[in-house]
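K.L.:
Quick one, fold the following:
(chains A, B and C)
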Amino acid sequence: MKPEEIYETLVNKFGETVQGFDTELVGDPSILIAPSAIADVCQYLVETDTLRFDSLMCLSGVDLGVKEEVFSIVYHLHSISHRHNVVLKASVPKTDAYLPTVSHIWKTADWHERETYDLYGILFEGHTDLRRILLPDDWEGYPLRKDYQEPDFYRGMRVPY
Amino acid sequence: MESTQQTESKIIELKPFTDEMIVNMGPQHPSTHGVLRLELRLDGEIVREAIPHIGYLHRCFEKHSENLSYPQIIPFTDRMDYVAAMNQNWGFCLAVEKLMAADETKEFAVPERAEYLRVLICELNRIASHLLSFGTYGMDIGAFTPFLYAFRDRERLLLLFEKICGARLTYNYIRIGGVSEIIPLEPGSIAEQNYLDEIEGFLDYFEPKIDEFNDLLTANSIFSERTMRVAVMPAEMAISYGATGPNLRGSGIDWDLRRDEPYSIYDRFDFDVPVAKDIPELGAVVGDCWSRYKIRMDEMKESVKIVRQILAEGLPDGPVMADLKAVRPPKGEIYFRSEAPRGELGFYIVSDGTPKPVRVKGRSPCFSALSALQELSRGLMVADIIAIIGSIDIVMGEVDR
Amino acid sequence: MPEIFSESFLPIINLQDSSNWATDFVQDVIIPRLPEAAAAHFPMELGTVLVMLAFAGIFVAAVPLLPLVLVLAERKVAARFQNRTGPMRVGPWGTLQTLADGVKLIFKEDYIPPQGDKVLFMLAPYVIFACSFAVFAAIPFGQDILVSDFNIGIFYIMAISSVIVMGVIMAGWSSNSKWSLLGSLRSAAQIVSYEIPLGLSILTVVMLVESLSMSEIVDKQSGGIFTWLIFRSPFTFIAFFIFFISSIAEVNRTPFDLPEAESEIVAGFHTEYSGMRFALFFIAEYANMFAVSAIGVTLFLGGWQGVLPGFDFLGGFPGFVIKTLALVFLMMWIRWTLPRLRVDQLMNLCWKYFIPISFFNILGTGIWGLIFENDDVWSIGISCAIIYVGLISAYAVAGKTLARKPEPQVSSA
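P.N.:
Residues are numbered from 1 along each chain as shown, chains lettered A, B, ... in the order given. Model (predicted):
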């Protein structure tokens, strides 16, 4: 199925929580989803026979700049049985960044969400094991945020050099 | 202070902790393929739980990328999967090129000659990567000799890479819009002919060696005992964990990006995709360690096939670099994945139209495959953990980025 | 009490024994050379003990040279298997490499884990070292080259080599490292298990020879290659292979090197050892390897007896060493070819295959001994015929199994 058709299907099913279809940018078109509904939408995308997005290729957080007020979380989905792709996007406010987890739908989301939490500080509600994954457990701050200032010292070691 | 210590020691004496032993395997361990740390909860030799801890090789690839221009990022991709660095270069360049090609205002195409060189070098690099995987897997299982056989042949490949780009490990060969011209390979020149002959010589030498490796290790009954029916990853589990490449095909799913979503010029070549099957007379089951390992052995033969086709056709004439003034992709975002030796290597790039990306995410195949380790290893033995790590073929540089 | 135990357990102290070689040596060699006055008052007992100590000193000094050679041999053999040259820098063709390594190890820091059990930690290498060298006392290297001809020689060897596992456990426990502990426990399980098929396969030999004395076992094989115990009955033929494989397990070599499996448990029981203490483990390992091969040669392959009766070809001390080194080479060959078994497979192999086969062997040997009371041409001829037929059929069966090569798994595009 083409992304447009998938968008139609989702709008019919979920109504307002599907916020839009972004084709303006060069590259892959993406479907904007309200963050609170992301888990339900994903569940639907996996379980519906005509869609069956059984594989989560990539889950990434995006911070477009200091002036932006939201983080985007981008889900790149792929269906091995139907061989079609779709991009889902959810935006959460920086001040209150949390959204439901999808780690119960795709097991690979477990580590991807941990990575996103680690680098952006976005919380995933319902994630069973949301710890830092790449950085040390006692690291302060979330490095991929655009307003991140690296600390001068980490455990007595100078950080910037 | 002393009294508390005494009571503590008494408690330990009275209640010996007999049921479980927690062992840290790694980050310094001979066979965790780098700096993977596993927290093992052992019941004797049985592993109750193996919890992977990663990040010991985190070099902030994504943070670095946001402060560098696109061509400057390519050397960083070398350091991701340093065993198959050509393929990492290519994956990133493909993503950027696709984003640039999506911009209709500018004419942009990678020259034919560059495409051929890319496929040629990347397939050789795939062989080099699988050779390393084969060698280290033998060593994980306890046979030291295959490792040296593999490195002997890999050495010849590295010399070939050195001749074309001057580096043995981190190549920075494939550039956005073509390939590097640092060591010129004039079309139709003697140097080109010699180089291609040398590759052909290597292939003639190497193809029978694969059968030799199979005789030495794959068909060995101790090796089969150790790897067959161990850590079976069913197809659904493999998909759910995002296992890709040889791991996915080892679980019996017929999926290869080079064939199913052909990028570059892969649609011009004729090659097979090895997919694991049950082999009752040997005892192999789809999804076990042996199947994942065997897929790599078979893929080497397929790569040889592709390279032979290129050699038969010969490299086309023309430039190896597109005429680019500057790499400045349009505002937009792209997710592009390519088939690296360890699976699908995806790059998610968000561009705002400036020479530096806003966000680069590397979706590494090892990262996803490694997350399955915890479930795969439950209830197996310590020696099996090593067999699993080797069979999913991780490179920590790519997991931690 | 059975007759074999009636003599003193340690004849080395038994100075009344007129056949004691040290006493003979003092009487025949030393006393005639002394001035008459001194000879009259020469203290026989003290002299005998001193002579024994001197010989023991030579022996103890000479035997460690053996691992020195074997380590180099192992590295060279491995190198040949792996298409490389091995050590080439120190001395001609790298022959002095082990010496250089030894010097390096002596000068290294002797690290003792502060949290561990220091006494046990320091003691463990010596236990292993001493035991593996004590075994050599009972091995007949040649007709008269035998430190002590026990009447219970093979029993003594089994007893002493079992103590090695104590050293391994001491090393593993005292290191205060989990890898060491895992390795030593693996080792304990493995050695204790494989001692059984080892002992049982030795028993088949003892049953045929009706003696535990190593020199008597060798004497019984004096009639050329077909009187070697390996060909004496089909059961000893099987027993030899069980003995050989079990002894590989006993000395912790691939494919049974689980106690020191590098890729799994780092270095097993000697993870925490460094410097000279580590060298002791290393030397002991190679000494052990030579010892078990020598025992195998003595028990099954005619010891120092030659291939043909009356001729010295492959006989005497050189013949013994050549045969032993051939077995050692076989062990190296196996090590550099095969992967490692898993712990449960190791135990399966021992308890489900080797031990039942060994019991069958003992039964068979008993029946064989009843049927052929004398070792005449007939019994040996029938035995060799059975072995020949058995080998042919085994080859046919194995040929079918080995022909099962994995086909490439390819799906058409």
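K.L.:
can we go C-alpha only for contacts and neighbour counts from here?
P.N.:
Fine.
K.L.:
Sort out which residues of stretch A:26-46 are buried, please.
P.N.:
A:26-39, A:41-46 (16 or more other Cα atoms under 10 Å in any protein chain shown).
K.L.:
restrict the residues you listed to those near chain C?
P.N.:
Residues of the buried residues of stretch A:26-46 in contact with chain C (Cα under 8 Å from any Cα of the partner chain): none.
K.L.:
leaving aside the residues next to it on the chain, what's closest to B:Val320?
P.N.:
With Cα to Cα, 6 or more residues apart in numbering or on different chains as the criterion, B:Val320 has its nearest non-adjacent residue at 4.6 Å, and that residue is B:Ala114.
K.L.:
which element follows the helix or strand containing that neighbour toward the C-terminus?
P.N.:
Assigned by DSSP states H and E, B:Ala114 belongs to helix B:112-141. Going down the chain from helix B:112-141, the next helix or strand is helix B:145-165, by DSSP H and E.
K.L.:
on that earlier part again, I'd say the residue nearest to B:Val320 and B:Ile176 touch.
P.N.:
No. Using Cα atoms under 8 Å, B:Ala114 makes no contact with B:Ile176, being 10.6 Å away.
K.L.:
To what extent is C:Ile355 buried, counted in neighbours?
P.N.:
By other Cα atoms under 10 Å in any protein chain shown, the residues close to C:Ile355 number 20.
K.L.:
how about it, what does it touch?
P.N.:
By Cα atoms under 8 Å, 6 or more residues apart in numbering or on different chains, C:Ile355 lies in contact with C:196-197, C:200.
K.L.:
Most neighbours among those, which one?
P.N.:
C:Pro197 (25 neighbours).
K.L.:
hang on, it in a helix?
P.N.:
Yes. Under DSSP: H, G, I helix; E, B strand; the rest coil, C:Pro197 falls within a helix.
K.L.:
Where does the nearest residue to it once chain neighbours are set aside fall, secondary structure wise?
P.N.:
Spatial nearest neighbour of C:Pro197, excluding adjacent residues (Cα to Cα, 6+ apart): C:Ile355 at 5.3 Å. C:Ile355 belongs to helix C:355-371 when assigned by DSSP H and E.
K.L.:
Show the average pLDDT along that helix.
P.N.:
The average pLDDT for helix C:355-371 rounds to 87.
K.L.:
which parts of the following helix or strand past it are buried?
P.N.:
Downstream of helix C:355-371, the next assigned helix or strand under DSSP H and E is helix C:377-402. The neighbour-count check on helix C:377-402 (16+ other Cα under 10 Å) flags C:379-380, C:383-384, C:387 as buried.
K.L.:
So which residues of chain A form helices?
P.N.:
Applying DSSP state H to chain A gives helices spanning A:3-14, A:38-47, A:109-120.
K.L.:
Distance-wise, check the residue nearest to B:Val320 relative to chain A.
P.N.:
From B:Ala114 over to chain A the distance is 24 Å, taken as Cα to the nearest Cα, to the nearest Å.
K.L.:
Low-confidence ranges, chain A, go.
P.N.:
A:161 (pLDDT under 70).
K.L.:
Within range of chain B, give me the residues from it.
P.N.:
So chain A meets chain B at A:25-28, A:54-58, A:60, A:62-64, A:76, A:80, A:105-109, A:111, A:133-136, A:143-144 (Cα under 8 Å from any Cα).
K.L.:
Could you give me the PyMOL syntax to select whichever of the residues you listed are buried?
P.N.:
A single PyMOL command selects the buried members of these (16+ other Cα under 10 Å):
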select buried, chain A and resi 25+26+27+28+54+55+56+57+58+60+62+63+64+76+80+105+106+107+108+109+111+133+134+135+143+144
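K.L.:
in the stretch 51-200 of chain B, what residue is nearest chain A?
P.N.:
Nearest to chain A, among the residues of the stretch 51-200 of chain B, is B:Gly55, at 3.9 Å (Cα to the nearest Cα).
K.L.:
and that residue, which of the three is it?
P.N.:
coil.
K.L.:
show me the contacts for the residue nearest to it when sequence neighbours are not counted.
P.N.:
Distance criterion Cα to Cα, 6+ apart; nearest residue to B:Gly55, sequence neighbours excluded, is A:Leu134 at 3.9 Å. Shown in contact with A:Leu134 (Cα under 8 Å, 6+ apart): A:115, A:118, B:54-56, B:58, B:400.
K.L.:
Please put the alpha-carbon coordinates of whatever helix or strand C:Asp101 lives in into PDB.
P.N.:
In the assignment (DSSP H and E), C:Asp101 maps to helix C:97-107. C-alpha atoms of helix C:97-107 as PDB (Å, rounded to 0.1, in the frame of the first residue of the first chain):
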ATOM      1  CA  GLN C  97      62.100 -19.000  22.200                       C
ATOM      2  CA  THR C  98      60.800 -21.000  25.100                       C
ATOM      3  CA  LEU C  99      63.900 -20.200  27.100                       C
ATOM      4  CA  ALA C 100      63.400 -16.600  26.400                       C
ATOM      5  CA  ASP C 101      59.800 -16.900  27.500                       C
ATOM      6  CA  GLY C 102      60.900 -18.700  30.600                       C
ATOM      7  CA  VAL C 103      63.300 -15.900  31.500                       C
ATOM      8  CA  LYS C 104      60.600 -13.400  30.900                       C
ATOM      9  CA  LEU C 105      58.200 -15.200  33.200                       C
ATOM     10  CA  ILE C 106      60.800 -15.500  35.900                       C
ATOM     11  CA  PHE C 107      61.300 -11.700  35.900                       C
END
